[in-house]
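J.: Got a predicted structure here, sequence first:
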Amino acid sequence: SNVQCVAFSSERDLIVVGLQDSTIQVWNTTAGQHIRTLRGHTDYVRTVAFSPDGKQIVSGSKDKTVCIWDVQSEKLVHPPLQGHTHGVLSVAFSPDSNWVVSGSADGMICLWDTTMGTLAPCTTFHGHSNMVISVAFSGDGQYIVSGSWDGTIIHVWDISNGECLQEPLEGHTGDVTALAFSPDGKRIASGARDHTILLWDVETGQTVCAPLEGHTNCVTCVAFLPNGASLVSGDMDGFVRIWDSATGQTICGPWRRHDQWVHSVAFSPNGRCVASGGMDRTVRVWDAVTGKPIRESFRGHTSLVNTVAFSPDGQCIISCSWDGTIRFWDASTG
């Protein structure tokens, strides 16, 4: 059945896959073997995530429910969690695994207690006027950031009371299409259809510098350097840029690394190179200082490359594609 979503466990030994046939599959990455199939949803599984300790999986479905699974027993920890009125599009565990946040096509964000299997005291966060397509916890677990198809608004929420940390982050003049937390959780980068990137201070809700301008089409992906000093972005025209995250100035680029839309970008752990995946079905790796290709593009996918990521040791690049496959590449040889 069609693959809707994938996620790694924290130890990188397992992959969880959500499918259109309403099932969830768990795979061992070392042997490439299918371990188990989880059944409990009644419609597309649109989003999945492992808990930080790797003991549980959370899933969201078009059937409007959130499910939390025990990885070892293959059973639901609680009955399906009900609260949304439309399909669930995004889920995430808090860093301590005590909470799950879910975003839905109903425009609501729900916070769930993973121990009790109930909505948290602050219950639901209301503020978006369209479907919530992205949610993430800050590194300290105190805040949630959410992005929506309501055009220009990003919300940062305090999980202790369900209130917006400040006024909604408004500054873009087009739909917000990319979001990333800085590694220290103090800043948010947002890319949009207005061709710009904005950097936000999480506590004040204010932009920290002028809009990052230079892209000539929709900004499709953003990612921080592991130390937070730089930011890499890609756009629909195939261009990639690297920015100083303190000043907003372009450090390198623009480089046209793909013939078409850039879907995903990622810094290597040491920050010396960048990997990108695009609609041209390739994965490309290039020097983050000079912009020169480090080696020939990695070819093998037969459809667009939707996601790329480095392993923590930088020796492997993982790519996911609309051709239904996940590929592991040797970063040094391709």
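T.: Right, received. Where do you want to start? Numbers count the residues shown, from 1 in each chain.

J.: low pLDDT regions in the stretch 51-200 of the chain?
T.: Where the stretch 51-200 of the chain drops to pLDDT under 70, the residues are 121-123, 150-153, 166.

J.: buried ones in stretch 74-94?
T.: For stretch 74-94, the neighbour count (16 or more other Cβ atoms under 10 Å) marks 76-78, 80-81, 83-84, 87-94 as buried. (C-beta placed from N, C-alpha, C; glycine too.)

J.: What residues of stretch 195-210 count as buried?
T.: For stretch 195-210, a neighbour-count test (16+ other Cβ under 10 Å) marks 195-200, 202, 205, 208 as buried.

J.: Contacts for that stretch next, please.
T.: In this structure, residues lying in contact with stretch 195-210 by Cβ atoms under 8 Å, 6 or more residues apart in numbering are 138, 143, 145, 154, 156, 165-167, 169, 171-172, 174, 185-192, 211-213, 215-219, 222, 231, 233, 235, 243, 245-248.

J.: same thing but 6 Å
T.: 156, 166-167, 169, 171, 186-191, 211-213, 215, 219, 233, 247-248 (Cβ atoms under 6 Å, 6 or more residues apart in numbering).

J.: Please list the members of the residues you listed that lie in helices.
T.: Using DSSP state H, no member of the contacts of stretch 195-210 sits in helices.

J.: Can you pick out the most distant pair from the buried residues of stretch 195-210?
T.: H195 and V202 (23.9 Å; Cβ to Cβ).

J.: Could you pull out the buried residues of stretch 282-295?
T.: Buried, per 16+ other Cβ under 10 Å, within stretch 282-295: 282-286, 288, 291, 294.

J.: Quick check: the farthest pair among those residues?
T.: Among the buried residues of stretch 282-295, T282 and A288 lie farthest apart (Cβ to Cβ), at 18.2 Å.

J.: before we move on, the earlier item: kindly supply the ChimeraX command isolating those of the contacts of stretch 195-210 that are buried.
T.: Command for ChimeraX that selects the buried part of the contacts of stretch 195-210, burial taken from 16+ other Cβ under 10 Å:
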select :156,166,169,171,186,187,188,189,190,191,211,212,215,219,233,248
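
J.: what about the helices in this protein?
T.: Counting by DSSP H, the chain has no helices at all.

J.: Looking at the buried residues of stretch 282-295, which one is closest to C252?
T.: G291 (5.5 Å).

J.: from the chain's centre, how far out does stretch 154-171 sit?
T.: Mean C-alpha position of stretch 154-171 versus that of the full chain (Cα atoms, centre = their mean, to the nearest Å) differs by 19 Å.

J.: Quick one: residues in contact with that stretch.
T.: 111, 122, 125, 127, 143-147, 152-153, 176, 190, 198, 200, 202, 205, 207.

J.: Sitting in strands, which of those residues do you find?
T.: 111, 122, 125, 143-147, 153, 176, 190, 198, 200 (DSSP state E).

J.: Take those and write them to TSV, including distance to S51.
T.: Shown next, in TSV, are the ones in strands among the contacts of stretch 154-171 (distance: Cβ to Cβ, whole Å):
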residue	distance to S51
L111	15
C122	21
F125	21
Y143	19
I144	16
V145	19
S146	20
G147	22
I153	29
V176	27
S190	27
L198	31
W200	27
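
J.: which of those sit farthest apart?
T.: Distance extremes for the ones in strands among the contacts of stretch 154-171: the farthest pair is C122 and L198 at 26.9 Å, using Cβ to Cβ.

J.: Using CSV, write out every CA atom in stretch 95-111.
T.: The C-alpha trace of stretch 95-111 is given here as CSV (Å, rounded to 0.1, in the frame of the first residue of the first chain):
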residue,chain,number,x,y,z
PRO,A,95,11.5,15.2,24.9
ASP,A,96,10.5,13.4,28.1
SER,A,97,7.9,11.2,26.3
ASN,A,98,5.2,12.3,28.8
TRP,A,99,3.2,14.2,26.2
VAL,A,100,2.1,13.9,22.6
VAL,A,101,1.0,16.8,20.5
SER,A,102,-1.3,16.4,17.4
GLY,A,103,-2.3,18.7,14.7
SER,A,104,-5.4,18.2,12.5
ALA,A,105,-7.3,19.2,9.4
ASP,A,106,-9.8,20.6,11.9
GLY,A,107,-7.4,23.5,12.7
MET,A,108,-7.0,22.3,16.3
ILE,A,109,-3.9,21.2,18.2
CYS,A,110,-4.4,18.6,21.0
LEU,A,111,-2.0,17.8,23.9
